[in-house]
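Sharing a model that was predicted from the sequence below.
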Amino acid sequence: MNISPSLRRDFLTYALGYGLAIVLTGISFAFVFYRLLVPQAVFGVVLFLAVIQIVVHMRCFLHISLKQSARSDLQLILFSTLIIILMVGGTLIVVLDQNARMM
Amino acid sequence: MTIWHILLGRLTWSSLAFVRAWRDPTLSELIGAAAAAIAVGGAVVLFGLLTYLRAWRYLWSEWLTSLDHKRIGIMYMVFAGVMLARALIEAVVIRTQQAIAINNQGIVGPEHFAELFSTHGTIMVFFVGMPLLIGLMNYVMPLQIGSRDVAFPYLNSISLWLTIGGGIMMMASLVVGKFSTGGWSGYPPYTELAFNGGVGPDYWIWSVSLSSLGALMTGINFAVTIYKFRAPGMTWMRLPLFTWTSLCTSILMIFAVPPLTIATLMLAADRYLGMHFFTNDLGGNMMNFVNLFWLFGHPEVYILILPPFGVYSEVVSAYSSKELYGYTSLVIATMAIAILSFTVWLHHFFTMGQSAPINAFFGIATMLIGIPTGVKIYDWIWTMFWGEVRLNTAMLFSIGFMVTFVIGGMSGIILATPPVDYMVHNTLFLIAHFHNMLIPGMLYGVIAGYYYWFPKAFGFRLSEKWGRRTFFCFFVGFYLAFMPLYVMGLGGVARRSQELFDPTLRPWTIVAEIGALLLFTGLACIFIQLYVSIKQRHQTRVPVGDPWDARGLEWSMSAPPPEYNFAVIPQVSRRDAFYWRKKYDGAYRPADHYRDIELPKNSMCGILVGMGLTACFFGFVWHIWWLAFLGFAVAFGTAVVRSFNRDVNRVIPAAEVAAHDRRWLDRAAAARPIPRHLELTPENEGLAKWQG
């Protein structure tokens, strides 16, 4: 089969992303399953690995980069981040503020 | 477990509205049965008529299975028109009840009254407001950006059929079972199993879920279209303002609709799977439902209001024969509103018990939204200033909007002050306020846009006489119907009251009743206008396609447009592209050469997915599990099978495109250019005379 270089590069990127995603997920599971650290530390590790996972997905699967051609994608991601911070952060503030009323 | 239970779930004879009215013939039940009879009768007459006219094949192959964004847009609007008629009749019944029921039971019982305001709200937001605007955007936006279709035509069809499926469920709730009594916002714990075991809340959950799934897909579809399918040269700051507002609305739909879907599905999990997200006990937190609902609900307000802002920008500019004043400020204001709309949701529940600083923050954020909105109002006024203003139907609605909307904005600032909100929360003052925003902000805009773009879509103009009558009814009717509600609300009358106890309220309720009847007359005028306009279409044809001397690309082709929109994709070099082409004599010229055009084939997959999921959700409502499974299998199976189909496009040969284009150009060459004061006469064939 005749494979063009760009297709080959695409395939490698996806394969790399897939591998990284599996490894990162595996490490997270291992930390929880084998109780390698105290719970608070495990939480921190999982959170950290999750953030790396997000970056991997964006780079390898969604092809987001800092290049000029992908600038509008980057803007959309920053906008999404802003809205998600507003929504998730706002929800946490509102619900925690009212927590006393649920007692 | 009998065989009937397996076959029909919770359905029994007494689920039918007719049987209930037969067994218990009170006025309230009879009204319910009459409504059911209208729904069934309407369906029967429609089916009969289609069969009699042998129109099924035409309807199926030309409309229902079409993936053309223009046809899908029109179907959205027809659907919304039907739903609008129902919800407006319900509003009249609600007002009649409050006008009569002062120290007596009135015409509908408490349960029935609660169903009425719940369906009225749910339909008006999800099955009138959103479909009307999505329909308008579907039709106009691809034409404005110089595209042949939306990015995902098949997804567009699925969105349409999901929305229609939700509407079918709303109609079914008239005939079998009862709708929710929990209002359009469906707050738990009242809508939880413990307090509301019937099918009502399930109808609400599943019909709203269908609508929200459709809206989410539409949002993605439109945003991708505007990002990726613009004509060459159509940079961001050259987009027409309606496209800008469509983009902001799409982004709002992508981010704001998922919280609603999640909230309704979590409520469904509580009701069906015994979970405790929003229950009173076992760790449920119903305040989070309110939070999630309004995380959707507030941006939803701007989903409904931003596209009409775009319509007004187009309409005011075209009918003033002037460039839009303050284009950049309008774009910035639109974006600012879109972002700010995510920072104010808490003002819908100031009284729920969060601490004062949080209320203060959201109160101030709410008031801030008044600034970009005010900028827009000034921009429109300045656009009219020294323009050649023609006060036709669309312009009357636009000016009526500016006046009325500002009043609603003022009452909004009052409500945004938390201490004041504590006084008037849950009163008719709030009802008056949001109707004061949504009727001018949404309905007037849609009517203005309908009048403005109708000749483009169908090739003939709408009757001006009936348009003016519509405006009179909607303008005066609004003030009569809702100004009394401000007064009553300040007097402390709670919203959703089935019975009132203060005889001094009577004059106000009667004025509001007259207003509601006038609004209903307005809707009748719209339908009469359509009928009259079709009758006299031979005098109002505008085949050349530019009846208003307008500025955007959507006016640069024949009316109605060919299915591929543009014979050749236009090259855009500045804002208001078509206007400048007319000015520099570049319009109405043949292209250098025409190419084959590829368009999506019709597909019945959209209707199968939409109706399959509707059947599935209907099965959920009534616990008819085989139907739920079957419906889901059809929807999912169709989606999978279709994804293997590679042969989804058809080609229109270049020769055909060229022939069509040439016929249109000949028509344009033969037409007489019309100055603006002859715009509404039969002379107007859609070719504008250049006025330097």
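Thanks, I have it. No experiment lies behind these values; they were computed from the predicted model shown.

From now on I want contacts and neighbour counts done on CA atoms only, so please keep to that.
Noted.

and the residue of chain A nearest chain B?
The minimum distance from chain A to chain B, using CA to the nearest CA, falls at A:Gln98 (5.4 Å).

Leaving out chain neighbours, which residue sits closest to that residue?
Nearest residue to A:Gln98 in three dimensions, chain neighbours excluded: B:Gln354, at 5.4 Å (CA to CA, 6 or more residues apart in numbering or on different chains).

these two touch, right, that neighbour and A:Leu96?
No. Counting by CA atoms under 8 Å, B:Gln354 stays clear of A:Leu96, with 9.2 Å between them.

Of the two, which one has the most company?
B:Gln354 (20 against 13; other CA atoms under 10 Å in any protein chain shown).

B:Lys222 reaches B:Ser250, doesn't it?
Just so we're on the same page, residue B:222 is Phe rather than Lys. Yes. With contacts counted by CA under 8 Å, B:Phe222 reaches B:Ser250, the gap being 6.1 Å.

ok, back up a step: next up, the contacts around the residue of chain A closest to chain B.
B:353-355 (CA atoms under 8 Å, 6 or more residues apart in numbering or on different chains).

let's see it at 10 Å
By CA atoms under 10 Å, 6 or more residues apart in numbering or on different chains, A:Gln98 lies in contact with A:92, B:285, B:287-288, B:352-355.

number of nearby residues for A:Met102?
Neighbour count for A:Met102, taken as other CA under 10 Å: 14.

rewinding a little: can you tell me which of the contacts of A:Gln98 are in helices?
Mapping the contacts of A:Gln98 onto helices (DSSP state H) picks out A:92, B:287-288.

where in the chain is pLDDT low?
By default, I'm working from chain A. A:1-2, A:68-70, A:103 (pLDDT under 70).

Actually, chain B is the one I wanted.
The model of chain B has pLDDT under 70 over residues B:1, B:692.

Tell me the residues of it that contact chain A?
B:227, B:251-252, B:254-256, B:259, B:280-281, B:283-288, B:291-292, B:295-296, B:339, B:342-346, B:352-355, B:358-359 (CA under 10 Å from any CA of the partner chain).

Filter the residues you listed down to the buried ones, ChimeraX style.
Listed next is the ChimeraX selection for buried residues among these, using 16 or more other CA atoms under 10 Å in any protein chain shown:
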select /B:251,252,254,255,256,259,280,284,285,286,287,288,291,292,295,296,339,342,343,344,345,346,354,359
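
Inside helices: which ones of the residues of chain B next to chain A?
Per DSSP H, those map to helices at B:227, B:251-252, B:254-256, B:259, B:286-288, B:291-292, B:295-296, B:339, B:358-359.

check contacts around the residue nearest to the spatial centre of chain A.
Central residue of chain A (CA atoms, centre = their mean): A:Ile54, 1.7 Å from the mean position. A:Ile54 is in contact with A:Ala21, counting by CA under 10 Å, 6+ apart.

For residue 57, list the residues it contacts.
No chain specified, so I'll use chain A. A:14, A:17-18, A:20-21, A:51, A:63-64 are the contacts of A:His57 under CA under 10 Å, 6+ apart.

Chain B is the one I meant
Applying CA under 10 Å, 6+ apart, we find B:Arg57 in contact with B:50-51, B:63-64.

most surrounded residue in those?
Of these, with other CA under 10 Å as the count, B:Leu64 tops at 22 neighbours.

Report the separation between it and chain A.
Remark: distance between B:Leu64 and chain A (CA to the nearest CA, to the nearest Å) = 34 Å.

quick one, what contacts that residue?
B:56-58, B:71-72, B:75, B:157, B:160-161, B:602-604, B:606-607.

Where does the stretch 401-550 of chain B get nearest to chain A, residue-wise?
Counting by CA to the nearest CA, the stretch 401-550 of chain B gets nearest chain A through B:Pro418, at 15.5 Å.

Look up how far B:Phe349 lies from that residue.
Distance of B:Pro418 to B:Phe349, computed by CA to CA, to the nearest Å: 10 Å.

Quick check: neighbours shared by those two?
In contact with both B:Pro418 and B:Phe349: B:359, B:425, using CA under 10 Å, 6+ apart.

now the helix or strand containing B:Gly515, how far from the centre of its chain.
Using DSSP states H and E, B:Gly515 sits within helix B:506-535. Taking CA atoms, centre = their mean, to the nearest Å, one finds helix B:506-535 lying 19 Å from the centre of the chain it belongs to.

From what I see, B:Ala114 and B:Gly183 are in contact.
Yes. Under the criterion of CA atoms under 10 Å, B:Ala114 makes contact with B:Gly183 at 7.1 Å.

Quickly list what's touching both of those two.
Common contacts of B:Ala114 and B:Gly183 (CA under 10 Å, 6+ apart): B:120, B:496.

Could you chop chain A up by domain?
A:1-63, A:66-103 (automatic domain parsing).

Can I get those in CSV including distance to B:Ser118?
Listed next are those as CSV, based on distance: least, CA to CA, whole Å:
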stretch, distance to B:Ser118
domain A:1-63, 41
domain A:66-103, 26
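
so B:Val657 sits in a helix?
Yes. Under DSSP: H, G, I helix; E, B strand; the rest coil, B:Val657 sits within a helix.

Now do the contacts for the closest residue in space to it that isn't next to it in sequence.
Spatial nearest neighbour of B:Val657, chain neighbours left out: B:Ala567 (6.1 Å); criterion: CA to CA, 6+ apart. Taking CA under 10 Å, 6+ apart as the contact definition, B:Ala567 lies against B:148, B:557, B:561, B:590-591, B:593-597, B:654, B:656-658, B:660-661.

cool, B:Leu687 as well?
So B:Leu687 contacts B:542-549, B:588, B:667-675, B:679 (CA under 10 Å, 6+ apart).

what do you get for B:Phe617?
B:165-166, B:169, B:202-203, B:205-207, B:209-210, B:611, B:623-625, B:627-629, B:631-632.

ok so, going back, now do the buried residues in the helix holding B:Gly515.
B:506, B:508-523, B:525-526, B:528-530, B:533-534.

All the helices of chain A, residue numbers only.
A:5-33, A:39-56, A:71-84, A:90-97.

Enumerate the residues of chain A near chain B.
So far as CA under 10 Å from any CA goes, chain A lies against chain B at A:72-73, A:76, A:79-80, A:82-84, A:86-88, A:90-103.

Drop anything exposed from those residues.
Using 16+ other CA under 10 Å, the buried ones in the residues of chain A next to chain B are A:73, A:83, A:86-87, A:90-91, A:94-95, A:98.

and the residue lying closest to B:Phe458 once chain neighbours are set aside, how far is that from B:Arg581?
With CA to CA, 6+ apart as the criterion, B:Phe458 has its nearest non-adjacent residue at 5.1 Å, and that residue is B:Pro560. With distances taken as CA to CA, B:Pro560 is found 20 Å from B:Arg581.

Check which helix or strand the residue lying closest to B:Asp661 once chain neighbours are set aside maps to.
Nearest non-adjacent residue to B:Asp661, counting by CA to CA, 6+ apart: B:Ala567, 6.7 Å away. According to DSSP H and E, B:Ala567 maps onto no helix or strand at all.

And the residue of chain B that's closest to chain A?
B:Gln354 (5.4 Å).

Report the contact partners of that residue.
B:Gln354 is in contact with A:93-101, B:346, counting by CA under 10 Å, 6+ apart.

quick one, phi psi at B:Ile674?
As for B:Ile674, its main-chain torsions (degrees, to the nearest 10) stand at phi -110, psi 130.
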